[in-house]
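Trainee: Dropping a prediction and its sequence here:
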Amino acid sequence: MPMSDETAGGGADTTPSHPEEPHREALGTRLNWLRAGVLGANDGVVSTAGLVVGVAGATDSRSALLTAGLAGLLAGSLSMAAGEYVSVSTQRDSEQAALALEREELAATPQAELDELTRLLQNQGISEDLAREVAEQLTARDALAAHARVELGIDPEELANPWHATLASFISFTLGALLPLLAIVLPPHEWRLPITVVSVVAALVACGWGSARLGGAPARPAIARNAAGGAIAMAVTYAVGALLGASGV
């Protein structure tokens, strides 16, 4: 009796597949955007909330609250954008310099670079013969890309883009800052602080949960950090503002 394909192969292929598992390059790109976006939103919410709550502790003037909030929003968003641009540009410059040096070494000493790539692959647990074969195939296909990925941990096609991080930080900070600004300016006087505090804590809880979910990390620690940090910032600045207001400063 002829064996079926399943029997002849020793059973059905049970090798698990993970179509939902992101590739490392895609995950790295997503986490870079996530880092810039979450950092900007957190800073926008916390810093602007601390600022307007501090001013609210010293004065009831709606115009003073609006002026302080808008100033904080603009200063913070521009500062975050500039900081991200400088930081990521420096990273990109370093990556390009490393690639340029690697390109020179490949042109000057190709055999030594092939030996180096073989050793690096062996260090990852590949046998010497197989490591040499893989190194030769990778070198034949794209020597610079092979050394960039294995030796430097850089994907030449996915260098850090400073404008992506800059735009993400600017937009996320602005959106985050708008929430405490509107919460402190729009409601009647007696509801300003309660609405602002509840809105800020809720936003930080949502931001912590979202960042944890997208990053594949536990949600509870992220939520606790965000909410506690925002609450402490508002409590401190309100106390300082109330003290200064009471002293007539």
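Mentor: Perfect, I can see it now.

Trainee: Give the burial count for Ser94, as a bare number.
Mentor: By the criterion of other Cβ atoms under 10 Å, Ser94 has 12 neighbours. C-beta here means a position set from N, CA and C on the backbone, and glycine is covered the same way.

Trainee: Tell me how far it lies from Pro162.
Mentor: As for Ser94, its distance to Pro162 is 12 Å (criterion: Cβ to Cβ, to the nearest Å).

Trainee: go on, Met80?
Mentor: 13 Å.

Trainee: For these two, indicate the residue with more neighbours.
Mentor: Between Met80 and Pro162, Met80 has the larger neighbour count (other Cβ under 10 Å), namely 27 against 18.

Trainee: which stretch of helix or strand covers that one?
Mentor: For Met80, the host element (DSSP states H and E) is helix 62-108.

Trainee: low-scoring stretches of the chain, by residue?
Mentor: The model of the chain has pLDDT under 70 over residues 1-36, 248-249.

Trainee: let's see it at 80
Mentor: Where the chain drops to pLDDT under 80, the residues are 1-39, 157-158, 160, 210-211, 213-216, 245-249.

Trainee: Going along the chain, name the helices of it.
Mentor: For the chain, the helices defined by DSSP state H cover 5-8, 24-58, 62-108, 110-123, 128-147, 162-185, 192-215, 219-247.

Trainee: okay if I get the ones you listed as CSV plus distance to Gly153?
Mentor: Formatted as CSV, the helices of the chain follow (distance: least, Cβ to Cβ, whole Å):
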stretch, distance to Gly153
helix 5-8, 42
helix 24-58, 10
helix 62-108, 10
helix 110-123, 11
helix 128-147, 11
helix 162-185, 19
helix 192-215, 19
helix 219-247, 26
